[in-house]
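J.: how does the following fold in three dimensions:
(one chain, ligands or ions: 1)
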Amino acid sequence: MMSGFQTALGGEALESSNFLALFWVFMAVCTVMYLLVVAALLIGMWRRRTPGGEQTVESGRHHEAAPAFRTALIAWTALVLVGLAGLTIASFFTDRSNASVARDPGVTLKVTANQWWWDVEYTDHQASNQFRTANEIHLPVGVPAEITLESNDVIHSFWIPNLAGKQDLIPGRVTDIQILPQKTGTFRGQCAEFCGVQHANMALDVTVESKADFERWVAAQKRPAFAPMTKLQLAGYTYVTTRQCSACHNIGGTPASGQVAPDLTHFASRRSIAAGTLPMSTGNLYGWVADPQSQKPGNKMPTIGLSPDELHAIVAYLGTLK
Ligand SMILES: [Cu+2]
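T.: Numbers count the residues shown, from 1 in each chain. A predicted model of the protein is given here:
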């Protein structure tokens, strides 16, 4: 109904459209109840103000009003009970419909939260179909996805409002969430549990696409990184794969095999740098690589103090990682 790349009123998946329907049921029931309360209040005030009404209470003739009062009280109590029961039943069916997606997932992935980025592993039962990326998720439309959630440090919360509700990621405990996307589009996910100073810069780009587009993306993700073509790119490749960068980052098909920072194999194909902190562009890449601590203070990537030549080379190489 409403469009936008980060809105809980989008309803682009079964879960979010179920929640949206439930939201409108709650809204309708609560609006009716609220209006009835206000109406009763106004009637009470109006009757109190009329001379006859006042007398009814003060002259001791209130016994005559008692049966009507009792009937109204019983009717009101019954209405509240019916309303609450209706909301409970609506909630139950929403939960049941959402849970039914879990029975037969077509895509399985594991998302691990870190301060402050998302590690994403596609966990097919066939090892050759497994791959890793970061801060982005692609899902085929109309295929139920099961996402296993873990955390490496503190409690985070996985939230793609256009697609589903929130689910916490808790250190030492595995949780999960099921999503059945029903419309294609690009959406923004956001950590929804305060997790440190860069909590706001812990976003996730989510692309829901046709099955063919998804297969193409998977095939591209599974390929090793492109080899450097120019002298400058080669200098960047040499720096990245032999110096500090490779201790933390993995780049498929190269000696860089660190496992504690985002996988960079296809880094340049993503929409953003540093979990939604900056849009992907050469200018932003210069800023990020030169001084990540000024761009996202407190993140675990150190500002190394690169020479201009090293910086040019690294940015040129990272740009090839499509
Ligand atoms: Cu977080």
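
J.: number of nearby residues for the closest residue to Val197 other than its chain neighbours?
T.: Taking Cβ to Cβ, 6 or more residues apart in numbering, and ignoring the residues beside it in sequence, Val197 has Gly298 as its nearest neighbour in space, at 4.8 Å. Just so you know, the C-beta spots here come from the backbone N, C-alpha and C atoms, and that holds for glycine as well. For Gly298, the tally of surrounding residues (other Cβ atoms under 10 Å) stands at 11.

J.: by residue count, which helix of this structure is the longest?
T.: With residue count as the measure and DSSP state H as the assignment, the chain has helix 62-99 as its longest helix.

J.: give the next helix or strand downstream of that one.
T.: Toward the C-terminus, helix 62-99 is succeeded by strand 107-114 as the next helix or strand (DSSP states H and E).

J.: hmm, back to that, buried residues of the longest helix of the chain, list them for me.
T.: Neighbour-count burial for helix 62-99, counted by 16 or more other Cβ atoms under 10 Å, picks out Ala90, Thr94, Ser97, Asn98.

J.: for the residue nearest to Val197, give its distance to the ion.
T.: Separation of Gly298 from the ion (Cβ to the ion, to the nearest Å): 13 Å.

J.: dump the residue contacts of that residue.
T.: Gly196, Val197, Gln198 (Cβ atoms under 8 Å, 6 or more residues apart in numbering).

J.: just Asn299 next, same as before
T.: Counting by Cβ under 8 Å, 6+ apart, Asn299 makes contact with Gln115, Trp116, Gln198, Ala274, Pro292, Gln293.

J.: save those residues as CSV, and put in distance to Tyr34 and secondary structure too.
T.: Conversion of those to CSV gives the following (distance: Cβ to Cβ, whole Å; DSSP: H, G, I helix; E, B strand; the rest coil):
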residue, distance to Tyr34, secondary structure
Gln115, 42, coil
Trp116, 40, coil
Gln198, 40, coil
Ala274, 45, coil
Pro292, 50, helix
Gln293, 51, helix
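
J.: ok so, going back, narrow the contacts of Gly298 to just the buried residues.
T.: Looking at those with 16+ other Cβ under 10 Å, the buried ones turn out to be Gln198.

J.: next, the residue of the stretch 201-322 of the chain found nearest the ion: phi, psi?
T.: For the stretch 201-322 of the chain, the residue positioned closest to the ion under Cβ to the ion is Met202, at a distance of 4.4 Å. For Met202, the backbone dihedrals are phi -130, psi 70 (criterion: degrees, to the nearest 10).

J.: isn't it right up against Trp117?
T.: Yes: counting by Cβ atoms under 8 Å, Met202 sits close enough to Trp117 to count as a contact (6.7 Å).

J.: can you give me the strands in the stretch 101-250 of the chain?
T.: Secondary structure of the stretch 101-250 of the chain by DSSP state E, counting those that start in this stretch: the strands cover 107-114, 117-122, 131-134, 136-140, 145-151, 156-158, 167-169, 175-179, 185-190, 203-209.

J.: closest one to Val80 among those?
T.: strand 167-169 (32.0 Å; Cβ to Cβ).

J.: which residues are in contact with the closest one?
T.: In contact with strand 167-169 (Cβ under 8 Å, 6+ apart) are residues 111-113, 149-151, 155-159, 175-177, 193.

J.: keep these, but drop any that are not near the ion.
T.: The overlap between the contacts of strand 167-169 and the neighbourhood of the ion (criterion: Cβ under 5 Å from the ion) consists of His156.

J.: can you turn the buried part of the contacts of strand 167-169 into a PyMOL selection?
T.: Command for PyMOL, covering only those of the contacts of strand 167-169 found buried under the criterion 16+ other Cβ under 10 Å:
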select buried, resi 111+112+113+149+150+151+156+157+158+159+176+177+193
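
J.: give me the residue ranges of this structure where confidence is low.
T.: Counting by pLDDT under 70, the ranges of the chain that qualify are 1-3, 49-65.

J.: get me the contact residues on it for the ion.
T.: Counting by Cβ under 5 Å from the ion, the residues of the chain that sit close to the ion are His156, Cys191, Cys195, Met202.

J.: same thing but at 6 Å, please
T.: If contacts are counted using Cβ under 6 Å from the ion, the residues of the chain sitting beside the ion are Ala113, Trp116, His156, Cys191, Glu193, Cys195, His199, Met202.

J.: ok, the last one to Lys110 distance?
T.: In this structure, Met202 and Lys110 are 17 Å apart, going by Cβ to Cβ, to the nearest Å.

J.: ok, these two, which is more surrounded?
T.: Each of Met202 and Lys110 had its neighbours counted (other Cβ under 10 Å), and the higher figure belongs to Met202 (27 against 18).

J.: follow-up on the earlier one: quick check, distance from the longest helix of the chain to the centre of its chain.
T.: Averaging C-alpha positions (Cα atoms, centre = their mean, to the nearest Å) puts helix 62-99 35 Å from its chain's average.
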